[in-house]
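Enquirer: can't give you the sequence, but here's the structure:
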């Protein structure tokens, strides 16, 4: 096999107009989400001055992710997935407007702020399983991983630019402007989704998909060791080692609470992620996705343990960059494996499980980290979490041969949704 380094595979953007629309809308939404993340983190820290308070952001997002993410998976397998994503994205737009309004009003009630965060998360969770099924329907099988890599690169770019842009916006125009920027990017996302073709799940009308649909996703995952092993790997890494809630405290005790340094922490993770994304053409062409994910998740844990031990700024940022690169590789390989291994009639439900683990896991991991740091210290929480995550990943690797030896299945030549569709299909 040719192992030479390859840069980002852009075939999905060049060859599929629907995927290009999806990518533009998702990229805009991700940028706005990162701006809002920094704004919420700054506002909660200002209101509470506590890692328990910033950790509660993870709780406010993690619980709705679990509750509404699973419901969204069932809906994605029974209704038009495009219509579902349209409605939930519109809900996110309303929440963004609410966040702007509370900031303009000078809200000092952290419960109200967290309630709005939870509402926005609930809308996103309802639509996320359906949204996750789009690339595999819009692209040929051999381009699915490349499409996911492109989406991840845009996310990492948003992580890099978003915090810095948020810092500038908040410093110059304060919190209302930051939340307003999120609302504008959400409008772009809504417009992009409108242009997508209708996408009802294949086989959604068959009797067997209507019987006890809430159990369908779990059955598929539990019966396929590569699927549950991939999800267990991600959960081990994020639940045990997620560091975001600890950033304000680390910044406070090591760097005097400088807001620019806080932004650099998030940006360093993004730099590593973007670097890995730019070189992702190498990874997306490898067929041993399970082994790649296991190795990347182990590196993630070790890098965060190194961040906990790093005193000077540059070594700390270097560890975060390595963690960001490892996270990108892990996310891309996991997402491709899950979508390609799951029958389309079950993709919504299985994607909801993946989404719950992939998003709620980090948020609950932030809550765990905040509690542990309040009982010990931020460095102890980071080192213990990173090493625990690495050991947990090693345990998954030792007990799941299917994941270790997993290979991408043979590819097909065409996507299941036509690359070009007529106007009636798009607007219907």
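Expert: Structure's in. What do you need? These numbers were taken from a predicted model, which means no experiment stands behind them.

Enquirer: number of nearby residues for residue 137?
Expert: 21 (other C-beta atoms under 10 Å). Every C-beta, even on glycine, is put in place using the N, C-alpha and C of the backbone.

Enquirer: who's in contact with the helix or strand encompassing it?
Expert: Using DSSP states H and E, the element containing residue 137 is helix 134-138. Residues from elsewhere that reach helix 134-138, judged by C-beta atoms under 8 Å, 6 or more residues apart in numbering: 12, 16, 18-19, 22, 81, 144, 147-148, 151, 196, 199, 339-340, 344, 347, 415-417, 419.

Enquirer: In helices, which of those residues appear?
Expert: Residues of those located in helices (DSSP state H): 12, 18-19, 22, 81, 144, 147-148, 151, 339-340, 344, 347.

Enquirer: most neighbours, which of these?
Expert: residue 147 (30 neighbours).

Enquirer: List the contacts of it.
Expert: Residue 147 is in contact with 12, 19, 23, 135, 138-139, counting by C-beta under 8 Å, 6+ apart.

Enquirer: and which of the ones in helices among the contacts of helix 134-138 is nearest residue 289?
Expert: Within the ones in helices among the contacts of helix 134-138, the smallest distance to residue 289 is 8.7 Å, found for residue 340 (C-beta to C-beta).

Enquirer: pLDDT score for that closest one?
Expert: With respect to pLDDT, residue 340 has a value of 80.

Enquirer: wouldn't it be in contact with residue 141 here?
Expert: Yes: shown here, residue 340 and residue 141 form a contact pair, counting by C-beta atoms under 8 Å, at 6.5 Å.

Enquirer: how distant is the helix or strand where residue 33 lies from the center of its chain?
Expert: According to DSSP H and E, residue 33 maps onto helix 17-48. In terms of C-alpha atoms, centre = their mean, to the nearest Å, the centre of helix 17-48 is found 11 Å from the chain centre.

Enquirer: Can you name the element that comes right after it?
Expert: Following helix 17-48 in sequence, per DSSP H and E, is helix 51-76.

Enquirer: Now do that next one against helix 17-48, angle only.
Expert: 150 degrees (axes from the mean of the first three to the mean of the last three C-alpha atoms, to 10 degrees).

Enquirer: Remind me what helix 51-76 packs against, helices and strands.
Expert: helix 17-48, helix 81-104, helix 110-132, helix 247-255, helix 344-355, helix 361-375 (3 or more C-beta pairs under 8 Å, 6 or more residues apart in numbering; DSSP states H and E).

Enquirer: Next, format the ones you listed as JSON lines and append mean pLDDT.
Expert: Converted to JSON lines, the helices and strands packed on helix 51-76 look like this (pLDDT from 0 to 100):
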{"stretch": "helix 17-48", "mean pLDDT": "92"}
{"stretch": "helix 81-104", "mean pLDDT": "95"}
{"stretch": "helix 110-132", "mean pLDDT": "93"}
{"stretch": "helix 247-255", "mean pLDDT": "86"}
{"stretch": "helix 344-355", "mean pLDDT": "80"}
{"stretch": "helix 361-375", "mean pLDDT": "85"}
